[in-house]
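Peer 1: model this:
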Amino acid sequence: MTEKKHTQDPLNVDEALSTSEAFLLKNKNLLLGIVAAIVVIVAGVLGYKHFISAPKELKAAEAIFKGEQYFGADNYEIALNGDSTGYAGFVKLADEFSGTDAGNLANAYAGICYAQLGKYEDAIKFLDKFSADDYFVAPAIIGTLGNCYAQVGQLDKAAATLLKAADKANSVSLSPIYLLQAGQILEKQGKNAEAVEAYKQIKTKYANSYQAMDIDKYIERASIK
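Peer 2: Sure thing, here's the model as predicted:
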C-alpha cells in the first residue's frame with residue numbers, strides 16, 4: 001500500500017510533487033554528505049571516554065558500521081532489514097539502541113533509505129525521530145522529511161516543514177531550495193500570498209543563490225492569481 005500511495009496525486013500538484021521527488025531521487029550525494037556529517041558529529045559527541053563509560057554506544061556504533069557499507073553501495077533493502085551474516089539492519093538497530101546517539105543515527109539512515117526506495121510513509125516515521133541541533137545536518141534531514149510529506153499528500157505539513165528547514169539552515173546552499181519547494185506547494189494549494197512570501201525570501205535573503213536567478217517569474221505568477 002505504501003508504495004502505491006506515493007505515485008498518486010490526490011490534490012493535483014504535479015509540479016510540486018515532481019520537484020520533491022526529484023530532490024529525493026537525484027540528490028543522493030547531498031544525502032550521503034548529510035550522513036557523513038552525522039557520523040562525524042556522533043563520533044565527536046561520543047569520544048573515547050564515552051565509549052568506555054557507555055559500552056552500549058560502542059556496540060551500536062560497530063553494528064551500524066556494517067549498515068553504512070551497504071548504504072554506500074546503494075543496497076538500501078539490506079541496509080534497512082539486515083543480511084544473513086549477522087547484521088540486523090537500521091530498522092532493528094534504531095529500536096534496539098533507542099535513546100543512544102548511534103540509535104539516533106540509525107533513524108536518519110533508515111529514513112533516507114526508505115526515501116530512496118520511494119517508501120515515503122516509512123521514511124517519515126524514521127526521519128521524524130531523528131534529532132540534531134547543528135546547522136547543516138538538522139535542516140537537511142528536516143528538508144528531506146518535508147519532501148516526503150509532499151509525496152504522501154500531506155501538503156500542509158510539507159510546506160511548513162520545508163519552511164522550517166529553510167529557516168534553520170539559513171544558508172545560500174540549502175535555504176533557497178526549501179523555500180522554492182515550499183512556495184510551489186503553497187501556490188498549488190491556492191495559498192498565493194504565502195507562496196509569494198517564500199519566493200521573496202529567496203530574492204531578498206539569498207540573492208546570490210542559483211534559485212534567485214529566475215525567482216521573479218515565480219513571484220509574478222503567484223501574485224497575479
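
Peer 1: what pLDDT, on average, does stretch 203-216 get?
Peer 2: Mean pLDDT, stretch 203-216: 95.

Peer 1: which of the residues in it are buried?
Peer 2: Of the residues in stretch 203-216, 203, 206, 209, 211-212, 215 count as buried by neighbour count, 16 or more other C-beta atoms under 10 Å. Just so you know, the C-beta spots here come from the backbone N, C-alpha and C atoms, and that holds for glycine as well.

Peer 1: in helices, which of the residues you listed appear?
Peer 2: Using DSSP state H, the subset of those located in helices is 203, 215.

Peer 1: between the buried residues of stretch 203-216, which is closest to Leu80?
Peer 2: Gln211 (32.5 Å; C-beta to C-beta).

Peer 1: I'd say that closest one and Leu174 touch.
Peer 2: No - taking contacts as C-beta atoms under 8 Å, Gln211 lies outside contact range of Leu174: 10.7 Å.

Peer 1: just for this protein, where's the confidence low?
Peer 2: Scanning the chain with the threshold set as pLDDT under 70 gives 1-57, 134-135, 225.

Peer 1: spatially central residue in it, please.
Peer 2: Centroid-nearest residue in the chain, with C-alpha atoms, centre = their mean: Thr144, separated by 2.1 Å.

Peer 1: what about that residue, which helix or strand?
Peer 2: helix 137-151 (DSSP states H and E).

Peer 1: and the helix or strand just after that helix, what does it pack onto?
Peer 2: Beyond helix 137-151 in the direction of the C-terminus, DSSP H and E gives the next helix or strand as helix 155-169. On a contact count with 3 or more C-beta pairs under 8 Å, 6 or more residues apart in numbering; DSSP states H and E, helix 155-169 meets helix 137-151, helix 175-188, helix 192-205.

Peer 1: and of those, who's closest to Ala169?
Peer 2: Closest to Ala169 of these, according to C-beta to C-beta: helix 137-151, at 3.5 Å.

Peer 1: packing partners of the closest one?
Peer 2: The contact analysis (3+ C-beta pairs under 8 Å, 6+ apart) places helix 137-151 against helix 14-26, helix 28-53, helix 101-116, helix 120-127, helix 155-169, helix 175-188.
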